[in-house]
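*Asks:* Here is my input, please return the structure:
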Amino acid sequence: MLAPPMLPVPPPTYAGTERVIAALIDELARRGHAVTLFGPGDSTVDCEIVATPPRSLWSAGYHGEVSSFINITLARAWERAAEFDVIHSHLEALGFLFARYSPRPVVTTLHGRLDTTGIPSLLEEFRDIPLVAISDSQGRWWPDQNWTSTIHHGLPLQQMPFSTEPGDYLAFVGRVTPEKGIPDSIELARRTGLRLRIAAKVYDAHEKEHYASIVEPAIAEGVVDFLGELGEPERDALYAGALATVMLGAWPEPFGLVAIESMAAGTPVIARRAGALTETIEHGVDGFLVDDLSEAELAARRVADLPRDVIRRRAVERFSPSRMTDEYEAVYARLLAEDAQRHMSARPDARDGHLAEGEPAEPAERPPLEVSPTAR
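*Replies:* Purely as a prediction, here's the structure:
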């Protein structure tokens with residue numbers, strides 16, 4: 001498992017990719033797989049950890065470009081690649097070259113947007129490498145890629161606190177950036193008279209600027225309670241106690257973990273009808289999908305009527321680590337079968353099914369990957 005270098009696995013506060021990696025590793029290990037994580041040395045997930053770097057960059061106060069550290073991760077994984085059955089990269093497009101030339105099968109889960117920062121050109125070049133999309137929305141512009149599957153994220157949501165009673169405030173969890181809809185969330189709070197409680201990351205320079213220009217005045221106005229980055233217990237309690245969680249950014253979420261966390265706490269989501277939120281939220285059941293602030297106001301008036309026990313049950317069932325791991329196991333098994341077929345086809349005797357004279361038999365030290373029955 002190849003993880004980005006910025007945060008430990010699992011992360012202590014705000015993050016998405018690293019939490020999903022941790023949930024996947026935990027479930028794979030529970031099923032008897034031997035897992036090695038190439039990632040930050042301060043990761044605490046229960047598997048072998050190859051430190052790249054020794055300490056996660058953001059916890060060490062690093063604010064610079066991270067691609068050099070990702071290349072170190074790839075170099076160390078390449079050095080040991082032959083030891084593994086399958087390599088699973090979460091390093092976005094920086095791992096594409098490694099995926100093409102690795103001696104062992106590599107599957108890449110893409111966690112971000114695919115229409116920015118040169119990604120379109122890379123996807124056009126690397127049509128051969130196996131990819132996983134985290135939503136149909138994320139992959140829809142690239143139907144000709146080598147998609148092995150679309151796999152929605154799973155998290156251990158059963159442990160989320162839960163209340164059947166709607167709260168009296170709106171919750172926002174995420175980053176303080178324009179694309180996450182902070183201004184619209186604040187305006188919705190003004191229009192409805194509800195407090196907006198924000199638990200968010202303010203780390204990068206543009207986040208600090210947005211905080212100073214948008215959030216601080218709203219705090220002074222008495223519309224916003226700013227809580228900073230919260231640990232898991234405090235963040236989960238924030239979800240459970242809210243009337244609704246708001247996700248009003250026009251930015252098309254590739255997935256949106258905040259939505260499934262909120263729903264697992266029984267709290268409906270009022271979200272912009274964009275990106276993967278159209279797949280994870282069923283309008284009128286788990287929350288409401290809106291197109292503008294006027295619709296968000298209407299949603300805020302109706303959201304208390306949605307049964308929170310139904311919202312929680314659906315989220316826990318649909319977004320479990322077990323379901324996610326079933327689907328990844330199926331991808332791993334398919335990659336191994338295709339790799340074995342390629343090796344067989346490349347042998348000089350492949351046409352008649354006999355070994356060439358003096359050719360050694362295939363090594364038998366790798367047992368077949370066992371896949372859970374539900375994934376077959």
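*Asks:* And the strands in this structure?
*Replies:* 36-39, 48-51, 87-89, 106-110, 131-133, 147-150, 169-175, 195-201, 224-226, 244-247, 269-272, 287-290 (DSSP state E).
*Asks:* Of all these, which one comes closest to residue 27?
*Replies:* strand 87-89 (12.9 Å; CB to CB). In this view, the C-beta of every residue, glycine as well, is placed from N, C-alpha and C.
*Asks:* That closest one: how far from the chain's middle?
*Replies:* Put simply, strand 87-89 sits 14 Å off its chain's centre (CA atoms, centre = their mean, to the nearest Å).
*Asks:* For it, name the packing helices and strands.
*Replies:* Helices and strands touching strand 87-89, by 3 or more CB pairs under 8 Å, 6 or more residues apart in numbering; DSSP states H and E, are strand 106-110.
*Asks:* Can you dump the C-alpha atoms of the strand it packs on in CSV for me?
*Replies:* Output in CSV follows, covering the C-alpha atoms of strand 106-110 (Å, rounded to 0.1, in the frame of the first residue of the first chain):
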residue,chain,number,x,y,z
VAL,A,106,-0.1,-2.1,-9.6
VAL,A,107,-3.6,-0.7,-9.2
THR,A,108,-4.0,3.1,-8.6
THR,A,109,-7.0,4.5,-6.8
LEU,A,110,-7.5,8.1,-7.8
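*Asks:* helices and strands around it, which ones?
*Replies:* strand 87-89, helix 96-101, strand 131-133, helix 321-346.
*Asks:* so of these, which one's packed in deepest?
*Replies:* By mean neighbour count, with neighbours taken as mean count of other CB atoms under 10 Å, strand 87-89 ranks first of the helices and strands packed on strand 106-110 at a mean of 26.
*Asks:* Identify the residues contacting it?
*Replies:* For strand 87-89, contacts defined as CB atoms under 8 Å, 6 or more residues apart in numbering pick out 1-2, 24, 77, 81, 95, 98-99, 102, 104-109, 328, 332.
*Asks:* related to what we said a few turns ago, same list, the helices and strands packed on strand 106-110, but as a markdown table with mean pLDDT and distance to residue 209 please.
*Replies:* Output for the helices and strands packed on strand 106-110, formatted as a markdown table (pLDDT from 0 to 100; distance: least, CB to CB, whole Å):
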| stretch | mean pLDDT | distance to residue 209 |
| --- | --- | --- |
| strand 87-89 | 98 | 33 |
| helix 96-101 | 98 | 32 |
| strand 131-133 | 98 | 32 |
| helix 321-346 | 94 | 36 |
